[in-house]
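> okay, predicted coordinates and the sequence, questions at the end:
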Amino acid sequence: MTLLPAVDVKGGQAVQLVQGVDGTEKVFGDPIKAARRWQDGGADWLHVVDLDAAFGRDNNLDVIRRLIEETDLQVELSGGIRDDASLERALATGCTRVNIGTAALENPEWCEQIIARHRDRIAISLDVKGDKLAARGWTSEGGNVFETLARLDAAGCRRYVVTDVASDGMLTGPNYEVLGAICARTESPVVASGGISTLEDLRRLRGLVPIGIEGAIVGTALYVGNFTLAEALAVARGDDSAARNEDPHGADRNDQDQTDEDEKDEDAR
Ligand code: AMZ
């Protein structure tokens, strides 16, 4: 499974929002420094969101362009890519692929054309809020998730990035139900985003690779230090025996095992 650390950029700074709400951000400084930190930690990929562009004001393309030039990372770039001009600008940064959110809802014909033209360089962002999709910086809603997915699949969409808006920045775990339902309805690979909090979450997502989960985007959990990037990469590779001891529920489970043993002893007496 591919691990993609997130660098969300607002006002030139790396930030993490809570449920995507403007103004809730924790600020983590220079996005290029953050990207270098994830590269030095062993990441191959970065998920970069231009939040100002997603909110429909201004953009952070200068710093994002430099970030791509000054690192060797493969970058998935999103935010505000809604027409030919913004798509050309985004592709010209040297990113590996772009994610399209709002336009998948508001401009389906354009999406069909760009999927046909740019194939693997286009992924569709399914930003899920209940059974609807969120658009325009997650400030508006529209379109049923599964109807939109069926339409995009028919258009040949190569990849989906599925973000559960309610989980994003919350450290409450991914929305496995939504991820499972989407994987069941498409043959294209799915990158999971939103809510990842523990290495156990990453292990569970890795277990979903056979049904179509290809990658996982980690933001807040990495920035606040719930685990290290090295640990996360090891779990994503399936090579995490050294990291297993950290299971936060391990202590509780052992206590429960002990209680079970005690009960058995009682029964035997
Ligand atoms: O946090 C938010 N409010 C937010 C966010 N992270 N709003 C949009 N986005 C991301 C989507 C997707 O990657 O997850 O921006 C991209 C979509 O942008 P657009 O402009 O195509 O809808």
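That came in fine, so what should we check first?

> all strands of the protein, in order?
2-10, 13-16, 26-27, 45-50, 74-78, 97-100, 122-129, 132-135, 140-144, 160-164, 190-193, 213-218 (DSSP state E).

> is stretch 41-57 anywhere near the ligand?
Yes. Stretch 41-57 is in contact with the ligand by Cβ under 6 Å from any ligand atom, via 49, 51, 54. Quick note: C-beta positions are derived from backbone N, CA and C, even for glycine.

> from what I can see the last one touches residue 99, true?
No. With contact defined as Cβ atoms under 8 Å, residue 54 and residue 99 do not form a contacting pair (10.2 Å).

> tabulate the strands of the chain (JSON lines), appending mean neighbour count and mean pLDDT.
Converted to JSON lines, these look like this (neighbours: other Cβ atoms under 10 Å; pLDDT from 0 to 100):
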{"stretch": "strand 2-10", "mean neighbour count": "24", "mean pLDDT": "98"}
{"stretch": "strand 13-16", "mean neighbour count": "22", "mean pLDDT": "98"}
{"stretch": "strand 26-27", "mean neighbour count": "12", "mean pLDDT": "98"}
{"stretch": "strand 45-50", "mean neighbour count": "25", "mean pLDDT": "98"}
{"stretch": "strand 74-78", "mean neighbour count": "23", "mean pLDDT": "98"}
{"stretch": "strand 97-100", "mean neighbour count": "24", "mean pLDDT": "98"}
{"stretch": "strand 122-129", "mean neighbour count": "24", "mean pLDDT": "98"}
{"stretch": "strand 132-135", "mean neighbour count": "22", "mean pLDDT": "98"}
{"stretch": "strand 140-144", "mean neighbour count": "15", "mean pLDDT": "94"}
{"stretch": "strand 160-164", "mean neighbour count": "26", "mean pLDDT": "98"}
{"stretch": "strand 190-193", "mean neighbour count": "27", "mean pLDDT": "98"}
{"stretch": "strand 213-218", "mean neighbour count": "23", "mean pLDDT": "98"}
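
> would TSV of those with distance to residue 63 be doable?
Formatted as TSV, those follow (distance: least, Cβ to Cβ, whole Å):
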stretch	distance to residue 63
strand 2-10	6
strand 13-16	9
strand 26-27	14
strand 45-50	9
strand 74-78	12
strand 97-100	17
strand 122-129	21
strand 132-135	24
strand 140-144	27
strand 160-164	22
strand 190-193	22
strand 213-218	20
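
> quick check: beta-bridge partners of whatever residue of the stretch 151-269 of the chain ends up closest to the ligand?
At 4.6 Å from the ligand, residue 163 is the closest residue in the stretch 151-269 of the chain, using Cβ to the nearest ligand atom. Beta-bridge pairing for residue 163 (DSSP bridges): residue 127, residue 193.

> can I assume it is in contact with residue 191?
No. Residue 163 is beyond contact range of residue 191, at 9.1 Å (criterion: Cβ under 8 Å).

> between these two, which contacts overlap?
Here residue 163 and residue 191 have residue 217 as joint contacts, going by Cβ atoms under 8 Å, 6 or more residues apart in numbering.

> picking up where we left off before, wait, what's in contact with the residue of the stretch 151-269 of the chain closest to the ligand?
Residue 163 neighbours (Cβ under 8 Å, 6+ apart): 125, 126, 127, 128, 193, 194, 217.

> wait, what's in contact with the first one?
Residue 125 sits next to 78, 99, 100, 101, 104, 160, 161, 163 when contact means Cβ under 8 Å, 6+ apart.

> any chance of the residues you listed in CSV, plus distance to residue 120?
As requested, the contacts of residue 125 are arranged in CSV below (distance: Cβ to Cβ, whole Å):
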residue, distance to residue 120
78, 15
99, 13
100, 13
101, 18
104, 17
160, 13
161, 13
163, 20
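
> need the residues of this structure near the ligand, please.
So far as Cβ under 6 Å from any ligand atom goes, the chain lies against the ligand at 17, 20, 49, 51, 54, 78-82, 99-103, 125, 127, 135, 137-138, 163.
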